[in-house]
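Peer 1: Below: sequence and its predicted model.
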Amino acid sequence: MMHQSISTIDSPEFINLQPLELNPLMSSCEIKVLYLGENRNHSYITKEVATEMAKTLRGAPIVGYYREDKEDFRDHGEKVILDDEGIKFECLTKPYGFVAPDAQVWFQKFEDTDEFGNKEVREYLMTTGYLWTGQYEEAKLAVDEGRPQSMELDSETLDGHWATNNKTGMDFFIINDAIFSKLCILGEDVEPCFEGARITAPEVSKTFSKMDDSFKTTLFTMMKDLKSVLKGGYQMELEDKETLPVEPENDNVEETPVVEEEVVETTEEVVEEPEVETPEEEEIPAEENTEESEETAEVIATEEYTALQKELTELKDKFSKLEEDYNALVSFKEAVDNEKKDALINSFYMLSDEDKKDVIENKAKYSLDEIEAKLSVICVRKKVNFEKEDNEKNENKLEDPVTTFSLEDDNASTPAWLASLKKHKEENENK
């Protein structure tokens, strides 16, 4: 008989934990989930729909597919298996954390720059979460360095319809409602559907400001205002001191006619009274102190401005160097990607050039995973016989008729929810 534990009649004794008393082996993170409007996976999300979808973010798992040999995360970790029974998917990701139950959720605008230097302001849906960095060492990559992120939607609750953009002639799946099933950590070399989507440490996004020409101008203006205030204060003090001796001098002038005839012999003594000399002795050091204070304030302001200007120049030089290095890396990456894309297209030798026409013409726009997904779908639709003997490469017939295609290459990133979109489109076309 197995051991049993039955609750007694006594009431439970709860421990009064504080809100910040959490497992120390977790690390908090900040997540850029998606941006509004059109995206390159041909779906469209409005702010109203995103607001409703955001209600399902809390508690959603944060998953990832980590490859030891690559020492980085990969794509969504899905393996597509094609056999005589149809298409099957195998998920290779595992949970690394979750969106906090009390997570903050907000919209925030960012300026995205593509590999060609084109800039576009996009409004992202943001939230916070926790990663088990103490349990999984690789999860620290997202917190320490940041990693791309791709969200996944529940295909069972996904609701929407297809529509054509009259300006571009492109079809888009307009999402009306959906539930977040998971958020996926991607490898640094895997670009997500929403280009700027990313998981990072909780940081600067809501309070960050950079030192640019506007900042420099503002700072210099503040220094000038400070100098003006200081100068005005000293000038007012000086005017007060100059006013003080005038009143006794005027009093002496008014009193002089009254006693002039009686104290003729003592007129010289009246002239020699120190009342006139006293203000002159106080006025001289006041002027000297004012001038010294003004000069000191001006020197300090000039030195601070010069130091900031020097620091700004150094930062601009560093940025220019980083920009040059980045452009060189982008060019190199484009060349490598083109070679990989050509090799991938050529590997589908069972398809004609007409079958691959769309992929070939739009090779620059499609990622590796999109190319492979499109060509794989064409193979299935055309019922390509994968058991056919390839006389040029293999003279022996394959014993196993099951053919497995893996999207687990260096740059694969086919989102699970994109497959759902395609499924919905096919169902609508068949109606």
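Peer 2: Here it is on my side, so go on.
Peer 1: tell me the contacts of Leu131?
Peer 2: For Leu131, the contact set (Cβ atoms under 8 Å, 6 or more residues apart in numbering) comprises Met26, Ser27, Ser28, Cys29, Ile62, Tyr96, Gly97, Ala139, Ala142, Val143, Ile199. (Each C-beta comes from the backbone N, C-alpha and C, glycine too.)
Peer 1: on contacts alone, who are the packing partners of the longest helix seen in the chain?
Peer 2: Longest helix in the chain by number of residues (criterion: DSSP state H): helix 277-347. Judged by 3 or more Cβ pairs under 8 Å, 6 or more residues apart in numbering; DSSP states H and E, helix 277-347 is in contact with helix 213-243, helix 368-381.
Peer 1: number of nearby residues for the closest residue to Thr157 other than its chain neighbours?
Peer 2: What sits nearest to Thr157 in space, not counting adjacent residues and going by Cβ to Cβ, 6 or more residues apart in numbering, is Ile179, at 4.7 Å. Residues near Ile179, counting by other Cβ atoms under 10 Å, number 17.
Peer 1: low-confidence ranges in the chain?
Peer 2: For the chain, applying pLDDT under 70 flags the ranges 1, 9, 79-88, 203-292, 383, 385-431.
Peer 1: which strand is the longest one in it?
Peer 2: strand 119-131 (DSSP state E).
Peer 1: what comes up buried for that strand?
Peer 2: Applying a neighbour-count criterion of 16 or more other Cβ atoms under 10 Å, one finds Arg122, Tyr124, Leu125, Met126, Thr127, Thr128, Gly129, Tyr130, Leu131 buried in strand 119-131.
Peer 1: now for those residues, which pair is the farthest apart?
Peer 2: The span of those, defined through Cβ to Cβ, is set by Arg122 and Tyr130 at 25.9 Å.
Peer 1: Glu188 and Thr93, how far apart?
Peer 2: Noted for Glu188: a distance of 17 Å to Thr93, by Cβ to Cβ, to the nearest Å.
Peer 1: And these two? Which one has more around it.
Peer 2: Set Glu188 next to Thr93 and count neighbours by other Cβ under 10 Å: Thr93 wins out with 22 against 13.
Peer 1: Angles on the backbone of the more buried one, please.
Peer 2: Taking degrees, to the nearest 10, you get phi -80, psi 160 for the backbone angles of Thr93.
Peer 1: now it: how far from Ala103?
Peer 2: 21 Å.
Peer 1: Which residue comes closest to Asp72 once chain neighbours are left out?
Peer 2: Asp72's closest residue in space is Gly187 (Cβ to Cβ, 6+ apart), at 4.4 Å.
Peer 1: For burial, what's the neighbour tally of Tyr326?
Peer 2: As a burial measure, Tyr326 scores 12 neighbours (other Cβ under 10 Å).
Peer 1: if I pick it, what's in contact with it?
Peer 2: Taking Cβ under 8 Å, 6+ apart as the definition, Tyr326 has no contacts.
Peer 1: Could I get the full set of helices for the stretch 1-150 of the chain?
Peer 2: 47-53, 140-144 (DSSP state H, counting those that start in this stretch).
Peer 1: So which of those is the most surrounded?
Peer 2: Ranked by mean neighbour count, these are led by helix 140-144 with a mean of 19 (mean count of other Cβ atoms under 10 Å).
Peer 1: could you say what helices and strands that helix packs with?
Peer 2: Helices and strands touching helix 140-144, by 3+ Cβ pairs under 8 Å, 6+ apart, are strand 27-35, strand 198-200.
Peer 1: ok, the longest one: who's next to it in the sheet?
Peer 2: Read it as strand 27-35. Strand pairing for strand 27-35, using DSSP bridges, gives strand 119-131 (antiparallel), strand 198-200 (antiparallel).
Peer 1: Next one: Cys91 from Phe110, what distance?
Peer 2: 30 Å.
Peer 1: Great, nothing more from me.
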